[in-house]
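Enquirer: test case, fold it:
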Amino acid sequence: MADRVTEPYLVAQHDIAGELRRGRWCVYLHEWLGDEHDLATWQAQVASHAARSGVEVCFVEIPRKDMTLVANVRALPSFEQVTESVAALEHYRDRRSAE
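Expert: Residues are numbered from 1 along each chain as shown. Predicted coordinates for the structure are as follows:
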């Protein structure tokens with residue numbers, strides 16, 4: 001697993017399983033779902049793509065931040081890694097809203 005969090009980038013839904021297989025995790029801003037998806041449908045679709053790739057996923061909603069963590073149950077990030085990811089996305093969100 002990576003020790004540091006990278007600059008946020010968007011991963012296509014069908015590519016999430018590959019990220020999770022590589023020991024990464026994804027934190028999604030709920031606004032990234034757009035108008036096409038609600039959170040429950042998006043989670044079901046991500047889990048389906050991941051299952052076809054042999055990856056068992058877990059979702060942790062972070063409601064006060066409007067974010068959801070997606071992780072491989074066999075490669076869970078540490079609390080510190082999740083905290084860094086959330087902080088990076090909050091910084092990204094603040095920077096984007098200032099533009």
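Enquirer: so how far is residue 20 from the closest residue to residue 21 other than its chain neighbours?
Expert: Excluding the flanking residues, the one nearest residue 21 by C-beta to C-beta, 6 or more residues apart in numbering is residue 55, at 5.7 Å. Where you see a C-beta, it was placed from the backbone N, CA and C, and this is true even at glycine. Counting by C-beta to C-beta, to the nearest Å, the gap from residue 55 to residue 20 is 5 Å.
Enquirer: between those two, what contacts are shared?
Expert: Residues touching both residue 55 and residue 20 (C-beta atoms under 8 Å, 6 or more residues apart in numbering): residue 72.
Enquirer: out of the two, which sits in the more crowded spot?
Expert: Neighbour tally, residue 55 and residue 20, criterion other C-beta atoms under 10 Å: the higher count belongs to residue 20, 25 against 21.
Enquirer: doesn't the residue nearest to residue 21 belong to a helix?
Expert: No: per DSSP: H, G, I helix; E, B strand; the rest coil, residue 55 lies outside any helix segment and is coil.
Enquirer: quick one, what contacts it?
Expert: Residues near residue 55 by C-beta under 8 Å, 6+ apart: 17, 20-21, 72.
Enquirer: if we take those residues, which one ends up nearest to residue 95?
Expert: Proximity of these to residue 95 was ranked by C-beta to C-beta; the top entry is residue 20 with 26.4 Å.
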